[in-house]
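K.L.:
Dropping a prediction and its sequence here:
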Amino acid sequence: MIALEHIAIHAGAFTLRDVSFTVPEATYGVLMGPTGCGKTTLVEIICGLRQPASGRVVVNGSDVTREPPGNRGVGYVPQDGAMFPTMTVRQQLAFALRVRRRPATEVAAREEELARELGIAHLLDRKPHGLSGGERQRVALGRALAAKPAVLLLDEPISALDEDMRGDMRDLLKRVQREHRVSVLHVTHDRHEARHLADLLLVMAEGCVRPADLATLGAP
Amino acid sequence: MTDQHRAGPNWPFWVVIATVTAAYLGLLLGMLAATSVHSAPRDLWRALGSPDIQYATALSLVTCTVAALLSLGVAIPVAYLMSRGHFPGKNLLDTLLDVPIVLPPMVIGLCLLVLFQTPVCRVIERFVPFTYTVYGVVLAQFIVGTAFAVRQMRTTFDHLPARPEDVAMTLGCSRGRAVWLVTLPAAKRGMFSAASVAWARSLGEFGPILVFAGATRMKTEVLPTTVWLELSVGNLEAAIAVSLMMVALAVAVLVAMRVVGERP
């Protein structure tokens, strides 16, 4: 579960005030809004990469507002994947578990499990510079899921992909969310994407976030 | 009415640019070629065999390497702060960091000399004597080398996206650990370039060393000091031999930087 309570922040050209919403447990929430309205800033606040001026961030029932990013139990997939440039795909998948000093056998098993699930087993020994956009996003998703977070934050994860790959990635995201039973907050400005994925639709405009009826997106 | 205007040819523009480039390159290569052929190779080899010059060469190589490593050790955190940090007075700090680059070299030496007359530095000198010692040579090289290393590292960090570091933090790292595990490995070519620039600058450092560490033979004499000492006693062969050796070292550093920088 992800809950923002009365979040306010002034950042550059925009101000967010009294932003409150909840994405219930095991729900796929989609946050829509025009470019530059502060969607990424909200994701960064939930991740802990930015501090709000006021308000609370609650993840799985715990107030994590003052917790550092690594203690919040969130997985984060940014738009371009933000690969670690010097690491192989295997090392990226293992990163969160190695940071937690988990046994090598557990790390290896998790690598294999994620690689199989995300269809990247053939890429394990490659470095990011040779990967396609879709492959990068799959690796970024696996890296975020490795430590089994309760919450997944996806910041426009498929908007940079070409149309053919988008469909596959949409299906993958939905499947992963259901199988892992994570709460997802997926940021996009694409109605088509939102229509296929959302259990819950949130719309951001003029510094506020409001729930919206999925029917406003039209039929899939 | 049709437009009668016709754009002029491009070739005069390229001719001017090529002429200016060729003239500058001609001056540069002419300088080096004239120096290279001025003396017989046999005389140059004999000059390089002198114990004074061999000591200066060894001291230069050691002090430049130590100064470059120290410069890199300081440049990494400073450049990271300047690249990723947002704080009041950042522009002022940025300007201050460039001071060693724009200060006349002799002034840097003089300032170091005056600094080590202060009570705090006198206490330090009881444990590590800097004035007129090899430690002073390293300190003088470090001051200027660091300013160049900071510039190089800042460019490196500016070109590396911050997002992977953010992701590493969400995966369980502190900021320091994220930098150590993700950013620094990605910055290794920049680190090599920064250390190389600091090393090359240190090799050519003369003014601050002369004023702060002196020019005592077999003690604080480094290669630029040798050129000056040999010229002052009229031994042109030795001055040229040492100068050519420094040119060779500088070219080697440049080539190494290019090779490392262009490796995929």
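P.N.:
Thanks, I have it.
K.L.:
after the longest helix anywhere in chain A, next one along is what?
P.N.:
Taking DSSP state H as the criterion, chain A has its longest helix at helix A:163-180. Helices and strands here follow DSSP states H and E; after helix A:163-180, the next one along the chain is strand A:183-188.
K.L.:
Quick one: mean pLDDT for that next one?
P.N.:
Average pLDDT, strand A:183-188: 96.
K.L.:
Partner strands of that strand, with direction?
P.N.:
Take DSSP bridges as the rule and strand A:183-188 pairs in its sheet with strand A:28-32 (parallel), strand A:151-155 (parallel).
K.L.:
In the following helix or strand past it, which residues are buried?
P.N.:
Going down the chain from strand A:183-188, the next helix or strand is helix A:191-197, by DSSP H and E. By neighbour count on 16 or more other C-beta atoms under 10 Å in any protein chain shown, the buried set for helix A:191-197 is A:193, A:194, A:195, A:196, A:197. Every C-beta, even on glycine, is put in place using the N, C-alpha and C of the backbone.
K.L.:
give the contact list for the first one.
P.N.:
Looking back up the chat, that one is residue A:193. Remark: with contacts taken as C-beta atoms under 8 Å, 6 or more residues apart in numbering or on different chains, residue A:193 is in contact with A:30, A:158, A:159, A:166, A:170, A:186.
K.L.:
let's see it at 10 Å
P.N.:
By C-beta atoms under 10 Å, 6 or more residues apart in numbering or on different chains, the residues touching residue A:193 are A:30, A:32, A:156, A:157, A:158, A:159, A:166, A:169, A:170, A:173, A:186, A:217.
K.L.:
Buried subset of the residues you listed, written for PyMOL?
P.N.:
Selecting only the buried entries of the contacts of residue A:193 in PyMOL, with 16+ other C-beta under 10 Å as the criterion:
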select buried, chain A and resi 30+32+156+157+158+166+169+170+173+186+217
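K.L.:
closest to residue B:158 among the contacts of residue A:193?
P.N.:
Distance to residue B:158 across the contacts of residue A:193 (C-beta to C-beta) is lowest for residue A:156, with 24.0 Å.
K.L.:
Go ahead and confirm that closest one touches residue A:40.
P.N.:
Yes. Between residue A:156 and residue A:40 there is a contact under C-beta atoms under 10 Å: 8.1 Å.
K.L.:
what residues are shared contacts of those two?
P.N.:
Overlap of the contact sets of residue A:156 and residue A:40 (by C-beta under 10 Å, 6+ apart) consists of A:78, A:79, A:187.
K.L.:
and residue A:78, what are its phi and psi?
P.N.:
phi -80, psi 170 (degrees, to the nearest 10).
K.L.:
Can you report how many residues neighbour it?
P.N.:
Around residue A:78 there are 25 other residues, counting by other C-beta atoms under 10 Å in any protein chain shown.
K.L.:
what's it in contact with, if anything?
P.N.:
By C-beta under 10 Å, 6+ apart, the neighbours of residue A:78 are A:40, A:43-44, A:47, A:137, A:140, A:144, A:153-157, A:187, B:161, B:163-164, B:166-167, B:170.
K.L.:
Equivalent analysis for residue B:219, please.
P.N.:
Contacts of residue B:219 by C-beta under 10 Å, 6+ apart are B:55, B:59, B:132, B:133, B:134, B:137, B:213.
K.L.:
rewinding a little: please name whichever of the strands paired with strand A:183-188 is nearest to residue B:241.
P.N.:
Taking those one by one with C-beta to C-beta, strand A:151-155 is closest: 61.6 Å.
K.L.:
tell me the mean pLDDT for the closest one?
P.N.:
The average pLDDT within strand A:151-155 is 96.
K.L.:
in it, what's buried?
P.N.:
A:151, A:152, A:153, A:154, A:155.
K.L.:
List just the nearest of these to chain B.
P.N.:
Nearest to chain B among the buried residues of strand A:151-155 is residue A:153, at 8.2 Å by C-beta to the nearest C-beta.
K.L.:
close enough to count as contact, residue A:169 and residue A:140?
P.N.:
No. Proximity of residue A:169 to residue A:140 does not meet the contact threshold set by C-beta under 10 Å, at 11.0 Å.
K.L.:
Only C-alpha atoms, please: export stretch A:24-32 in PDB.
P.N.:
Taking C-alpha atoms only, stretch A:24-32 is exported to PDB below (Å, rounded to 0.1, in the frame of the first residue of the first chain):
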ATOM      1  CA  PRO A  24      -4.300  -0.100  -1.800                       C
ATOM      2  CA  GLU A  25      -2.300  -3.300  -1.400                       C
ATOM      3  CA  ALA A  26      -1.800  -5.300  -4.600                       C
ATOM      4  CA  THR A  27      -3.300  -2.600  -6.700                       C
ATOM      5  CA  TYR A  28      -2.000  -1.200 -10.000                       C
ATOM      6  CA  GLY A  29      -2.300   2.500  -9.700                       C
ATOM      7  CA  VAL A  30      -1.700   4.800 -12.700                       C
ATOM      8  CA  LEU A  31      -0.900   8.400 -12.100                       C
ATOM      9  CA  MET A  32      -1.600  10.600 -15.200                       C
END
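K.L.:
Can you select the buried ones from the contacts of residue A:78 in ChimeraX?
P.N.:
A single ChimeraX command is used to select the members of the contacts of residue A:78 judged buried by 16+ other C-beta under 10 Å:
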select /A:40,43,44,47,137,140,144,153,154,155,156,157,187 /B:163,164,166,167,170
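K.L.:
Residue ranges in chain A under the pLDDT threshold?
P.N.:
For chain A, applying pLDDT under 70 flags the ranges A:13, A:219-220.
K.L.:
Between the strands paired with strand A:183-188, which one is closest to residue B:194.
P.N.:
strand A:151-155 (32.6 Å).
K.L.:
pretty sure residue B:117 is in a strand, no?
P.N.:
No. Going by DSSP: H, G, I helix; E, B strand; the rest coil, the assignment for residue B:117 is coil, not a strand.
K.L.:
pretty sure it contacts residue B:212?
P.N.:
No. Shown here, residue B:117 and residue B:212 do not form a contact pair, counting by C-beta under 10 Å, at 11.5 Å.
K.L.:
Next, show the common contact partners of these two.
P.N.:
Here residue B:117 and residue B:212 have residue B:131 as joint contacts, going by C-beta under 10 Å, 6+ apart.
K.L.:
So these two - more neighbours on which side?
P.N.:
Using other C-beta under 10 Å as the criterion, residue B:117 and residue B:212 rank with residue B:212 on top: 27 against 10.
K.L.:
where do the strands sit along chain A?
P.N.:
Counting by DSSP state E, chain A has strands at residues A:2-11, A:14-23, A:28-32, A:54-59, A:62-63, A:74-77, A:151-155, A:183-188, A:200-205, A:208-212.
K.L.:
Note down every partner strand of the fifth one and its orientation.
P.N.:
The strands that strand A:62-63 pairs with in its sheet are strand A:54-59 (antiparallel) (by DSSP bridges).
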